[in-house]
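Novice: Could you work out the structure for the sequence below:
(one chain, ligands or ions: 1)
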Amino acid sequence: MRSLQALIDLVDLRWEQARARFGLPEDAIDFGFSVGDDYPHFKKERGYAVCFWHGGNKCRLLLSTKMIRAPKHRSDAIVRHELGHVFDFVLNDEWLSDFCHENGVDMPSTDERKADALAEAIWGDPILYDHQEVQSLKNGVAPRPAYLGL
Ligand SMILES: [Zn+2]
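Specialist: Below you'll find the model as predicted:
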């Protein structure tokens with residue numbers, strides 16, 4: 001990424017694309033995000049983003065400022081993965097499983113791999129894990145290695 005604005009634009013773009021793919025009305029999910037470093041996980045090398053579910057249809061993403069400095073293939077993969085969590089939190093499991101199958105992706109049973117599967121079903125690219133164990137669209141392996149937590 002090159003700037004905070006570029007990151008904000010990326011999240012907005014991916015959010016709108018996903019909403020369109022699912023055919024969701026604008027108010028179906030109460031979604032918002034902020035960028036900042038006031039979160040313990042972000043002190044770790046691979047801590048870039050976290051998704052919070054506030055009950056009902058309300059979700060918030062918190063993105064580290066590291067996201068601004070990261071290469072696009074990394075920050076984009078992280079945004080897609082985190083949005084996968086948002087949909088997993090809010091939308092019906094059976095419906096999401098059908099959506100995955102219609103798009104040629106198996107729906108795993110565990111949260112982290114589910115987020116990746118949803119991202120792949122929405123945008124068509126697998127979420128990879130690079131040598132730093134961070135999500136990437138360009139480098140690394142899929143599915144998510146088990147030792148990172150599933
Ligand atoms: Zn995750």
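
Novice: Now do stretch 46-59: everything it contacts.
Specialist: 28-32, 39, 41-42, 60-64, 66-67, 70, 74-75, 78-79, 81-82, 85-86, 89-90, 132-134 (CB atoms under 8 Å, 6 or more residues apart in numbering). For glycine as for every other residue, the C-beta is placed from the backbone atoms N, C-alpha and C.

Novice: what is the rounded mean pLDDT of it?
Specialist: Across stretch 46-59, pLDDT averages out at 96.

Novice: swap in stretch 65-77?
Specialist: 97.

Novice: Identify all contacting residues around that stretch.
Specialist: 1-4, 6-7, 10, 14, 35-37, 42, 47-49, 78-79, 119, 127-128, 130, 134-139.

Novice: Quick one, which of these are buried?
Specialist: Neighbour counting by 16 or more other CB atoms under 10 Å classes 1, 7, 10, 14, 35, 42, 48-49, 78-79, 119, 127-128, 130, 134-137 among these as buried.

Novice: now, which of these lie within helices?
Specialist: Among those, the members found in helices (DSSP state H) are 7, 10, 14, 78-79, 119.

Novice: Make a markdown table from these and add distance to A146 to it.
Specialist: Below are these laid out as a markdown table (distance: CB to CB, whole Å):
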| residue | distance to A146 |
| --- | --- |
| L7 | 30 |
| L10 | 29 |
| R14 | 26 |
| I78 | 20 |
| V79 | 23 |
| A119 | 18 |
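
Novice: quick one: which two of those are the most distant?
Specialist: Of all pairs drawn from those, the one with the longest distance (CB to CB) is L7 and A119, at 17.2 Å.

Novice: if I pick E133, what's in contact with it?
Specialist: E133 neighbours (CB under 8 Å, 6+ apart): 46, 145, 148.

Novice: what's it sitting at in phi/psi?
Specialist: Per-residue torsions, E133: phi 70, psi 30 (degrees, to the nearest 10).

Novice: cool, and C59?
Specialist: phi -130, psi 140.

Novice: Counting neighbours, what do you get for it?
Specialist: If you count neighbours by other CB atoms under 10 Å, C59 ends up with 23.

Novice: list the contacts for the nearest residue to it once chain neighbours are set aside?
Specialist: The shortest distance from C59 to any non-neighbouring residue, by CB to CB, 6 or more residues apart in numbering, is to V86 (4.5 Å). Each residue near V86 by CB under 8 Å, 6+ apart is listed here: 29, 31, 51, 59, 61.
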